[in-house]
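Need a 3D model of the following:
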Amino acid sequence: PENPDLVAAVEERRAAVAAFEGVDPASVPADALTASASGLDPHISPEYAQLQVPRVAVERGLAESDVEALVEENTQGPDLGFLGEESVNVVELNLAL
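Got it, this is the predicted structure:
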């Protein structure tokens, strides 16, 4: 986390995501700034999913409340009820959309 190149890359991603989503850079969650080793992880945090709700609703021609409900339906709890954190399966969410 102290590598200047990594810090610069994270800050560039923060600015890019904030501009794309039309939000304050401080509200961009950490998982929007990093990637899995393979880049294939189908899960994002509920916070990152909620950040995208207004844009997705406009793009899909849906009410924000409908997209929020789909995000909630596709939010999974921690594994075994206590390992890890809640996450949203983006593959399943996209299929639902």
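
Map the structural domains onto the sequence of this protein.
Domains of the chain are assigned by the TED database as 1-33, 42-96.

now the protein, which segments are flagged as low pLDDT?
36 (pLDDT under 70).

hey, where'd the strands end up in it?
Shown for the chain, the strands assigned by DSSP state E span residues 43-44, 75-76, 87-89.

Between these, which one is closest to residue 8.
Each of those has some distance to residue 8 by CB to CB; the shortest is strand 43-44, at 23.0 Å. Every residue, glycine included, has its C-beta placed from N, CA and C.

Sheet partners, orientation included, of the closest one?
Partners of strand 43-44 in the sheet, by DSSP bridges, are strand 87-89 (antiparallel).

Might you report the residue contacts of residue 91?
Contacts for residue 91 were tallied using CB atoms under 8 Å, 6 or more residues apart in numbering; they are residue 42.

coming back round to it: now, of the domains of the chain, which is deepest in the fold?
Mean neighbour count, computed with mean count of other CB atoms under 10 Å, is highest for domain 42-96 among the domains of the chain, reaching a mean of 15.

And the contacts of the longest helix along the chain?
With secondary structure taken from DSSP state H, the chain has its longest helix at helix 4-21. Defining contact as CB under 8 Å, 6+ apart, one finds that helix 4-21 is touched by 1, 24-25, 27-28, 32-34, 51-52, 54-55.

let's see 7 Å
Helix 4-21 has contacts (CB atoms under 7 Å, 6 or more residues apart in numbering) with 24-25, 28, 32-33, 51-52, 55.
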